[in-house]
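K.L.:
sequence-free structure coming up:
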């Protein structure tokens, strides 16, 4: 009994720590939505025409979006659709393909679209959230006259540049502060909301979904513009499944149900109560209703400066979460073969998920700076936000449908009962946001198109190279028998030849025999196979098959979240690695030439050649010491 009690206490303590971490990382993005969501939704209606039913209707839509999209779809359903504990759009893609007899191209296309749209979200979130926080300085009476538009832009850019410049340090140093700061943030959100709800409890009628339905039916097309802005309340929901592997389903569900959802609901109700009071005051004074910055006017004047400071901290945390998510997504995309190799630095010895990718970091910063300078205000940028998120949500729902049928073995009829309502909700929001393309919604679509172009060019080029190399390869077993019959000069030591196909003799081996005329005493032809699981246990990664006394072939199985140290993997799983003579690693380096009958479209060739040239060195990617690598060049005609 005592042991069981201690175990339960330890599990409870661990769950509490994970929940605190989830509140700090997972909910940072959605937790900053109250800064602008209700204000932007009201802004879609002419101030002269705003009435009580409009305020209640808009607020009802916002509250039920939190219930239907976040609580039911993400927290209660999609957190269960995990791939060995990992979540996110690419994990769903991998899980859906793993469940069938063969991968379906449509699943790969959906995963690529979802990944491409995420980058639009990753650029817009830091720009919008930090800019909206800094704009709160205008609500501080003591300094409001000195706060110019140029000063707001300068402060926001300074914060954002500092945030991205510190990414190489890793998040471990500041992550311990994320949870407590966000707990304080959500408690403040709830407390501010309660104060105004008590002052005007009439706002509680917004909990009735009929107000939202009546609003949409009465408004027509303008109602869809409002719905597009209402969707800002649920932006950040994708982080719930993207960070599933870091915190686990229970911690994410507990954080949402126990703190985040109640706090957001109370704050939105409080903002709505303020709007009702302002509407009544405007009617009594005979002036039109004025849409103001409801969030920053919630506390008394004396509390606004501390609120701006807390808000800025919360938006930096929200930005950090989406930046880290971009690193993780890119790492998964590289491992799944959707993007070229990139330099990845591990920033924590304890947490494999804490990585830093310089190329992604500086590309994100360039995009964020461009958005801040181009749009200039959070209101102007809000229209660009929803399309990326709603598009990703549509893709996520479609992939979840494939998971239910192919992996969970549901009957198609049962799958449709679950997926159709969720997809209908997503499509309504997506359609509402598409209407705002001209207002800035083209930005995430342009970003997604650019990323999608890179994915298409890279995957097409890789397939073309594989076909070109397949035509000139010699079966490894045949080469081993030929060399056993007429052996060349043999030198002591071990040679590891890295190749995509360990059934054939790699080009580096053929060049070594042709030009040097020597063969090492032990030769391992090794391929690194990507598997559709996040991690492969260390004991199951390496499989080596002996061909004869000189040759072996091996396969190193790598999950899309695994970081590989190839010498360590070989030392652990291949005893001959420890033999005398040392080990050298041979790689083939392809040089591309344009063939007359090209295997890829002419416009795609220069793009793929650029990506191929600038892909990160596989030596660093696989953790091989540079002084033990021999590279052999080969020309490939595409």
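P.N.:
That came through fine. Keep in mind it's a predicted model, so treat the numbers as computed, not measured. Numbering: from 1, shown residues only.
K.L.:
go through the helix ranked longest in the chain and flag the buried ones.
P.N.:
Identified as the longest helix of the chain according to DSSP state H is helix 304-335. By 16 or more other CB atoms under 10 Å, the buried positions in helix 304-335 come out as 304-305, 307-308, 310-335. Bear in mind the C-beta positions are built from the backbone N, C-alpha and C, glycine included.
K.L.:
please apply the same query to stretch 591-599.
P.N.:
Quick answer for stretch 591-599 (16+ other CB under 10 Å): residue 592.
K.L.:
repeat that for stretch 283-303.
P.N.:
Residues of stretch 283-303 classed as buried by neighbour count (16+ other CB under 10 Å): 289, 291, 293-296, 298-299.
K.L.:
spatially nearest residue to the residue nearest to the spatial centre of the chain (excluding sequence neighbours)?
P.N.:
What sits nearest the mean C-alpha location of the chain, by CA atoms, centre = their mean, is residue 325, with 4.1 Å. In this structure, residue 325 finds its nearest non-sequential neighbour in residue 242, 5.2 Å apart by CB to CB, 6 or more residues apart in numbering.
K.L.:
equivalent analysis for residue 394, please.
P.N.:
With CB to CB, 6+ apart as the criterion, residue 394 has its nearest non-adjacent residue at 4.7 Å, and that residue is residue 426.
K.L.:
now swap in residue 412 and tell me
P.N.:
Among residues not flanking residue 412 along the chain, residue 405 sits closest, at 6.0 Å (CB to CB, 6+ apart).
K.L.:
from residue 396, how far off is the one you found?
P.N.:
16 Å (CB to CB, to the nearest Å).
K.L.:
residue 633: which element?
P.N.:
For residue 633, the enclosing helix or strand under DSSP states H and E is strand 629-637.
K.L.:
sheet partners, orientation included, of that strand?
P.N.:
Here strand 629-637 has these sheet partners by DSSP bridges: strand 583-593 (parallel).
K.L.:
now do the strand it pairs with: everything it contacts.
P.N.:
465, 493-499, 506-509, 511-512, 520, 566-567, 570, 577, 605, 608-609, 612, 618-619, 624, 628-638 (CB atoms under 8 Å, 6 or more residues apart in numbering).
K.L.:
stretch 96-106 now?
P.N.:
83, 107-108, 399, 402-403, 406-408, 532-533.
K.L.:
which of these are buried?
P.N.:
Buried, going by 16+ other CB under 10 Å: 83, 107-108, 399, 402-403, 406-407, 532-533, out of these.
K.L.:
which positions within stretch 149-164 qualify as buried?
P.N.:
Applying 16+ other CB under 10 Å to stretch 149-164 flags 152-153, 155-157, 159-160, 163-164 as buried.
K.L.:
just those residues: which are in helices?
P.N.:
152-153, 155-157, 159-160, 163-164.
K.L.:
returning to what we had before: let's have the buried residues of stretch 283-303 in a markdown table, adding distance to residue 472 and pLDDT.
P.N.:
Shown next, in a markdown table, are those (distance: CB to CB, whole Å; pLDDT from 0 to 100):
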| residue | distance to residue 472 | pLDDT |
| --- | --- | --- |
| 289 | 74 | 88 |
| 291 | 68 | 89 |
| 293 | 67 | 89 |
| 294 | 68 | 93 |
| 295 | 65 | 93 |
| 296 | 67 | 92 |
| 298 | 70 | 94 |
| 299 | 72 | 92 |
